[in-house]
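**Q** Turn this into a structure:
(one chain, ligands or ions: 1)
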Amino acid sequence: MKSTQVHVVTLPDGEVRPEHFELVNVDLPDPGAGQVLVRNTWTSVDPGMRLRLRADAPEGYFPAFPLSEPMDGIFTVGVVEESRAEGFPVGATVWHSYGWRSHAIVDPDEVAMNGVADLRVLDVEQLSPQTYLGPLGAMGLTAYAGLRVIDALDARADTRTIWVSAAAGAVGSLVCQIAKLSGLRVVASAGTAEKVAWLRDEIGVDAAFNWRDRPLVESLRDAAPEGLDLYFDNVGGSHLEAALAAMNNWGRIALCGSISEYEGAPASPDNLFLATSKNLTLRGFRGSAHAQLLDEMQQRVGGWLADGRLRYRESVYDGLAKAPQAIADMMAGRTAGKTLVRI
Ligand SMILES: NC(=O)c1ccc[n+]([C@@H]2O[C@H](COP(=O)([O-])OP(=O)(O)OC[C@H]3O[C@@H](n4cnc5c(N)ncnc54)[C@H](OP(=O)(O)O)[C@@H]3O)[C@@H](O)[C@H]2O)c1
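**A** Residues are numbered from 1 along each chain as shown. As a prediction, this is how the structure comes out:
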């Protein structure tokens, strides 16, 4: 059995580009006792992968990808082709963590990605398999857990307005909708006019703006004249700085990610004292640290998907050979919704 895999060949210095990767064919052993062979059908493209395209990933994060080896620790969906493990029959659709390759040998006993990507059989009767890489997977968990840690789910009476950055993306678009369903006034920002129109017209946020158009502080003043009670930060840098300026006293910020810094831009903000002067809570979190919320999230988000109250969008690249272009496009803002590779 051969497996086609994407390997990292050189580490990017600045923007990630397709030439940092290569496609290789490797021999795959037969599955051992207790293992399964999975033919992968969909694999994920995540900004966090850019943090692993370094000699060392940030401390505490998933490890850096080794050069010229398979890229492990990537959310992936596939179909069991051979099984020597109970509970994982041939033909079952599963998720696991051996992405960016056509076939993988998976051990069901392995704890993968802090327990949120352990080999698991998925119910694909009502929903497409790749939904489990978006709203019903790590993206849904991140949105749900992030809102939970800042006490924004089923919002408190003293909480009115939330700003969500990178709002047309995989996590952000779910955050906007769960926040609306939780009774919040949602302000959303994105980097193209088309994304802004989608957020306003299809997702139904209360206000949306293009962060590239004007200084953020001005856009926020117009979109949220009452100030921000909550901020869901997907971007970091100047976005976090603008949020600190616009926050109301006792506001709460979920530090989900800081994509503006992943390709080497210097880290901001330079107004952090506002967190002290306004009694703010800044709460870093990882979705994968909240695996205990997975079932609850799937039940609630699955219900909203089923009754049409939650929408999602995908940017799909066909074939593993396109995976490097997909990550380059996603980092540059050329994708919307969940970025995926169909294998
Ligand atoms: N804490 C966790 O467990 C966890 C889990 C998953 C993801 N994350 C983080 O959540 C964030 C969003 O991830 P995602 O998977 O949903 O990605 P995504 O939003 O689908 O894609 C990334 C988007 O970021 C925006 N962007 C890129 N560079 C930017 C810049 N310099 N300034 C402003 N916006 C920029 C672009 O959108 P525009 O066109 O709108 O600018 C781009 O489409 C990332 O920071 C990621 O690392 C955290």
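**Q** hey, let's count contacts and neighbours off CA atoms from now on
**A** Fine.
**Q** What residues does the stretch 1-150 of the chain have near the ligand?
**A** Neighbours of the ligand within the stretch 1-150 of the chain, by C-alpha under 6 Å from any ligand atom: 46-48, 139, 142.
**Q** Repeat the analysis, applying 5 Å as the threshold.
**A** Residues of the stretch 1-150 of the chain lying close to the ligand by C-alpha under 5 Å from any ligand atom are 46-48.
**Q** can you give me the helices for the stretch 1-150 of the chain?
**A** 138-149 (DSSP state H, counting those that start in this stretch).
**Q** now the strands for it?
**A** Remark: strands assigned in the stretch 1-150 of the chain by DSSP state E, counting those that start in this stretch are 2-8, 21-27, 36-44, 76-83, 93-96, 103-106, 120-121.
**Q** Which of the residues of the stretch 1-150 of the chain next to the ligand ranks first by neighbour count?
**A** D46 (19 neighbours; other C-alpha atoms under 10 Å).
**Q** That one contacts T339, doesn't it?
**A** Yes. Contact criterion C-alpha atoms under 8 Å: D46 and T339 qualify, at 7.4 Å.
**Q** re the thing from before, redo the strands of the stretch 1-150 of the chain as JSON lines? Include distance to D158, mean pLDDT and mean neighbour count.
**A** Below are the strands of the stretch 1-150 of the chain laid out as JSON lines (distance: least, C-alpha to C-alpha, whole Å; pLDDT from 0 to 100; neighbours: other C-alpha atoms under 10 Å):
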{"stretch": "strand 2-8", "distance to D158": "48", "mean pLDDT": "96", "mean neighbour count": "19"}
{"stretch": "strand 21-27", "distance to D158": "49", "mean pLDDT": "97", "mean neighbour count": "15"}
{"stretch": "strand 36-44", "distance to D158": "37", "mean pLDDT": "98", "mean neighbour count": "25"}
{"stretch": "strand 76-83", "distance to D158": "40", "mean pLDDT": "98", "mean neighbour count": "24"}
{"stretch": "strand 93-96", "distance to D158": "39", "mean pLDDT": "98", "mean neighbour count": "26"}
{"stretch": "strand 103-106", "distance to D158": "47", "mean pLDDT": "97", "mean neighbour count": "22"}
{"stretch": "strand 120-121", "distance to D158": "40", "mean pLDDT": "98", "mean neighbour count": "17"}
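**Q** how about those in TSV, adding distance to D318?
**A** Formatted as TSV, the strands of the stretch 1-150 of the chain follow (distance: least, C-alpha to C-alpha, whole Å):
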stretch	distance to D318
strand 2-8	14
strand 21-27	14
strand 36-44	10
strand 76-83	15
strand 93-96	19
strand 103-106	16
strand 120-121	24
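**Q** Please identify which of those is closest to E218.
**A** strand 36-44 (35.1 Å; C-alpha to C-alpha).
**Q** Let me know the pLDDT of the closest residue to H290 other than its chain neighbours.
**A** Using C-alpha to C-alpha, 6 or more residues apart in numbering and skipping residues adjacent in sequence, the residue nearest H290 is A145, 6.6 Å away. Predicted confidence (pLDDT) for A145: 98.
**Q** Please report the distance of A145 from V341.
**A** 25 Å (C-alpha to C-alpha, to the nearest Å).
**Q** if you count what's nearby, which of these two comes out ahead?
**A** A145 (28 against 25).
**Q** count of neighbours near L199?
**A** Using other C-alpha under 10 Å, L199 has 25 neighbouring residues.
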